[in-house]
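Asks: 3D, please:
(2 chains)
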Amino acid sequence: MADELLPRHEEFGLAKADQSKVPITDHSSASFPKQLLGFWVTFKTMFKKVNTVQYPEVKEPTAERFHGRHQLNRHPDGLEKCIGCELCAWACPADAIYVEGADNKEGEQFSPGERYGKVYQINYLRCIFCGLCIEACPTRALTMTNEYELADSTRGKLIFEKDDLLGPLRAGMVPPPHPMYPNTDDGNYYRGEVTGSHPSQGVAKDD
Amino acid sequence: MTNAQLISQDPGWIIALKGLIIFAACVFLTIMSVWGERRIVARMQQRSGPNRVGKFGLLQALVDGVKLALKEDLIPKAADRIVFVIAPIISTTACFMAFAVIPMTGPVNFFGQQTAMQLTDLSVGVLYVLAIASVGVYGIVLAGWSSGSTYPLLGGLRSSAQVISYEVAMGLSLVAVFIYAGSMSTSEIVAAQDQWWYAVVLFPSFVIYAISMVGETNRAPFDLAEAEGELVGGFHTEYSSLKFALFFLSEYVNIIAVSALATTLFLGGYRALPGLGFTEQWLGGWFTLIWFFVKVLAFFFVFVWLRGTLPRLRYDQFMKFGWKVLIPFSLVWILVVATLRVMSQQNAPRALIFAFVFSVALLYLAVTSLIDRQKTKIAEAAKFIDATQPSFPVPVIPTSRAEQLNG
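Replies: Coordinates of the predicted model:
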């Protein structure tokens, strides 16, 4: 009988409430003048400032950490952060992410280390924007932007491919594939010790 | 010359033109009032309402109408086709017809002809309006029945029960007006209010009419017929396209019609506000039209205000209010008014009139205090409940198997 479920009032020092006489909240209608006050409320509200945002013309900024469209980030030299580990896809409760990893080859290096994400798709018809994928990502490759205008006319258009999700190439970045920064390994990248591209990696994008 | 005499001299073409104008004005008012209602209710809820189509969204209702007309017109398989088609027509026709006897202006010059903006002046004009309103109920009942579907049937029954019960209170509230005006003709009732509006003289009647006209038009807080949470769309659930548009139109024309009747019977119709009588001569008498519509639109605003403020009533509360409060009260009120009227007509001594009024007031106080005492008694008794004993009947729970078997 050890696992029997019993109320534990005494154990926590709680007195059992006396339920023999339970007062009921008074639900009888308010007095007539009080009811008339409701008319004053609606009348007053007519002259208040309207809350509506005229949306397509006027756009209000979202909250700072709003969960919007995803972005695949890059290292400062342009290599992709994604290592194709699929942890995001496994974390996804809505099964919205599809990842196919592949090996980085000599002369065709997309990310530091051995592996990179070859195919990366997010289906925005399934995505619930919970953010579990970005929590799961070990390299901070996947983050979320504040962009929320994701409506489109077909199902196909709402499956975003890697090209759609990859962050833009900034100044000083070299478009992959290209070799890693000389004399570094993926650990250096991970610790943020690579801060830009090297001329041996290729022609960097200028402003 | 009175309005009635002026109107009786109208040639045929003026009558036809007036009919056309009334029809056009009703449709125009409907479109504008749909827009106005949506805007006002929106403001009451701190929204901005339709503001996309045209300036301030003025064309919204028009565009909605076009959209409705372009929709597919469905007739359910189970529906009675003929009745299903006729029902919205009855509904719409009836509410337009009520306008025929509403005087909208005093004597004016209409294309060189001295007349008044009133299609016809029946000596039983107000009764005619009540009769037409009752015909409108057929539209609702038939629509609900002919749809061949459960929710429309229930909605149709509900709204016809509602309209009929509130019509009783409405009719009774008008009796006091008839007694005082000595006529049932709308133009003569307006003329009889040149000193005091009946909204002041017969204030209780005015209140009863104002309440029952909301019930009569199936509007919030009495819009039980279209309680969407319970009945989908009520009697017009199965209607689509233009036939639905007709019901929509008739609802709004009905609102304008009862407001116009209230204006005519209680607010002095097309007459100016007290103290502004000189404006009645402006624009060759046409300024009275503005006064008329100002009053009608004031009523319309109250309709919208009610919708923005009050939640929907429960069906039984609603019926109880109609039958147990409004109708008995108006019956007693009619008795009082009739007695007073007879007294004043037969030049009864002032002391007698005062004694009568005083005793009526005393009786009223006595009855209300008795009711109040009963109410507080019930409220006191209900303040506490025994939680171990539910207030509803429950079957006895048998204690043992043997007892169960032995019964």
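Asks: who does the longest strand anywhere in chain A touch, helix- and strand-wise?
Replies: Ranked by residue count and defined by DSSP state E, the top strand of chain A is strand A:115-123. On a contact count with 3 or more C-beta pairs under 8 Å, 6 or more residues apart in numbering or on different chains; DSSP states H and E, strand A:115-123 meets strand A:70-72, strand A:97-103, strand A:159-160, helix A:162-165. In this view, the C-beta of every residue, glycine as well, is placed from N, C-alpha and C.
Asks: Does B:L122 touch B:V101 like I think?
Replies: Yes. Contact criterion C-beta atoms under 8 Å: B:L122 and B:V101 qualify, at 5.7 Å.
Asks: Now for the two: what residues contact both?
Replies: Each of B:Y128 lies in contact with both B:L122 and B:V101 under the rule C-beta atoms under 8 Å, 6 or more residues apart in numbering or on different chains.
Asks: neighbour-wise, which of those two wins?
Replies: For B:L122 versus B:V101, the count of surrounding residues by other C-beta atoms under 10 Å in any protein chain shown is larger for B:V101: 25 against 16.
Asks: Now for the residue lying closest to the more buried one once chain neighbours are set aside: which residues touch it?
Replies: The spatially closest residue to B:V101, leaving aside those adjacent along the chain, is B:G125, at 3.9 Å (C-beta to C-beta, 6 or more residues apart in numbering or on different chains). Residues near B:G125 by C-beta under 8 Å, 6+ apart: B:V101, B:M184, B:S185, B:T186, B:S187.
Asks: so how many other residues sit close to the residue in the stretch 101-250 of chain B that chain A sits nearest to?
Replies: Closest approach of the stretch 101-250 of chain B to chain A (C-beta to the nearest C-beta) occurs at B:P221, with a separation of 11.0 Å. Burial of B:P221 is recorded as 15 neighbouring residues (other C-beta under 10 Å).
Asks: any idea how far the spatially closest residue to it that is not a sequence neighbour is from B:I89?
Replies: Excluding the flanking residues, the one nearest B:P221 by C-beta to C-beta, 6+ apart is B:L310, at 3.9 Å. Counting by C-beta to C-beta, to the nearest Å, the separation of B:L310 from B:I89 is 32 Å.
Asks: same question, B:I334
Replies: Note on B:I334: its distance to B:I89, by C-beta to C-beta, is 36 Å.
Asks: So for the two, which sits in the more crowded spot?
Replies: B:I334 (19 against 13).
Asks: Does the helix or strand hosting the more buried one reach chain A?
Replies: Element membership of B:I334, judged by DSSP states H and E, is helix B:327-345. No. Using C-beta under 8 Å from any C-beta of the partner chain, helix B:327-345 stays clear of chain A, with a minimum separation of 15.1 Å.
Asks: Pull out the buried positions in that helix.
Replies: For helix B:327-345, a neighbour-count test (16 or more other C-beta atoms under 10 Å in any protein chain shown) marks B:I327, B:F329, B:S330, B:W333, B:I334, B:V336, B:V337, B:L340, B:M343 as buried.
Asks: Residue numbers of the stretch 201-350 of chain B in contact with chain A?
Replies: Residues of the stretch 201-350 of chain B lying close to chain A by C-beta under 8 Å from any C-beta are B:W305, B:G308, B:T309, B:L310.
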